[in-house]
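Colleague: I would like the atomic coordinates for the input below:
(chains A and B)
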Amino acid sequence: AAGVIQSPRHLIKEKRETATLKCYPIPRHDTVYWYQQGPGQDPQFLISFYEKMQSDKGSIPDRFSAQQFSDYHSELNMSSLELGDSALYFCASSLGLAGARTGELFFGEGSRLTVL
Amino acid sequence: ELKVEQNPLFLSMQEGKNYTIYCNYSTTSDRLYWYRQDPGKSLESLFVLLSNGAVKQEGRLMASLDTKARLSTLHITAAVHDLSATYFCAVGKTLWNNNNDMRFGAGTRLTVKP
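Modeller: Below you'll find the predicted structure:
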């Protein structure tokens, strides 16, 4: 079965550079979530989208932005990268209302960002 | 603000022993999740608990939910080395607003020793 696909899987950037992470949800899933997990930390919710509109916002820095496109994939754009942005970034997807009732979120493998 | 507290944060067990991980949360919620994470890997869904009194079991793991006490437990029976991982509980916001995002506990790093 198709899962959530994230790219790239690994990314190395210098301070003050820009990075873009991509997330392709499970087919027919219309809701996407982004989480950031620092080393030894729990995942922190960044932002979510439902039907291409932002549905909730968590601890996402102002230097970061995200959007969901017409094909439901999402991109997380990170600018002016800092050392502290080094983390594993997870994307998850669910199926709108049906997903909300069943409580099912499906996580991708994550994108590991290293800022040097 | 929804807060999720998990304990213990670190757990070292002998194989064959039983233990329970606890997850408390601060506000009313409809959904509680348990995830397993191996180092550097993604989050593997273990259980989704949607109602008060829900109990689910899979192999040596059993999860329960008490929404009145805002408490979930993950019970490990006769631990084996393969269970070594970090276990997260996560609490979801209400269902009605079509928002599925959740808040995670700090995780319990479980090590099962021979």
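
Colleague: For B:A78, see how far away A:A92 is.
Modeller: 32 Å (C-beta to C-beta, to the nearest Å). (Each C-beta comes from the backbone N, C-alpha and C, glycine too.)

Colleague: Which element is encountered next along the chain beyond the least confident helix or strand in chain A by mean pLDDT?
Modeller: Every helix and strand of chain A was ranked by mean pLDDT, DSSP states H and E. The lowest is helix A:96-102, at a mean of 58. Moving toward the C-terminus from helix A:96-102, the next helix or strand (DSSP states H and E) is strand A:106-107.

Colleague: what about the helix or strand of chain B with the lowest mean pLDDT and chain A, touching?
Modeller: Lowest on mean pLDDT, DSSP H and E among the helices and strands of chain B sits strand B:102-104, with a mean of 85. Yes - Strand B:102-104 comes into contact with chain A (C-beta under 8 Å from any C-beta of the partner chain), by way of B:102-104.

Colleague: So which of those wins on neighbours?
Modeller: B:M102 (25 neighbours; other C-beta atoms under 10 Å in any protein chain shown).

Colleague: can you count the residues close to the closest residue to B:G105 other than its chain neighbours?
Modeller: If the residues on either side of it in the chain are set aside, B:G105 comes closest to B:Q6, at 3.1 Å by C-beta to C-beta, 6 or more residues apart in numbering or on different chains. The local packing of B:Q6 (other C-beta under 10 Å) involves 22 other residues.

Colleague: Same check on A:L95?
Modeller: Neighbours of A:L95 using other C-beta under 10 Å come to 20.

Colleague: Count the residues that sit near the nearest residue to it once chain neighbours are set aside.
Modeller: Distances taken as C-beta to C-beta, 6+ apart place A:H29 nearest to A:L95, at 5.1 Å, with adjacent residues excluded. Residues lying near A:H29 (other C-beta under 10 Å) number 21.

Colleague: mind checking how far A:H29 is from A:Y35?
Modeller: Here A:H29 is placed at a distance of 16 Å from A:Y35 (C-beta to C-beta).

Colleague: and the residue positioned nearest the centre of chain A, what does it touch?
Modeller: Of all residues in chain A, the one closest to the mean position by C-alpha atoms, centre = their mean is A:W34, 3.0 Å from it. A:W34 makes contacts with A:23, A:45-48, A:60, A:66, A:74, A:76, A:89-91, as judged by C-beta atoms under 8 Å, 6 or more residues apart in numbering or on different chains.

Colleague: Cross those residues against helices and list the overlap.
Modeller: Here DSSP state H is the test, and the contacts of A:W34 give no hits in helices at all.
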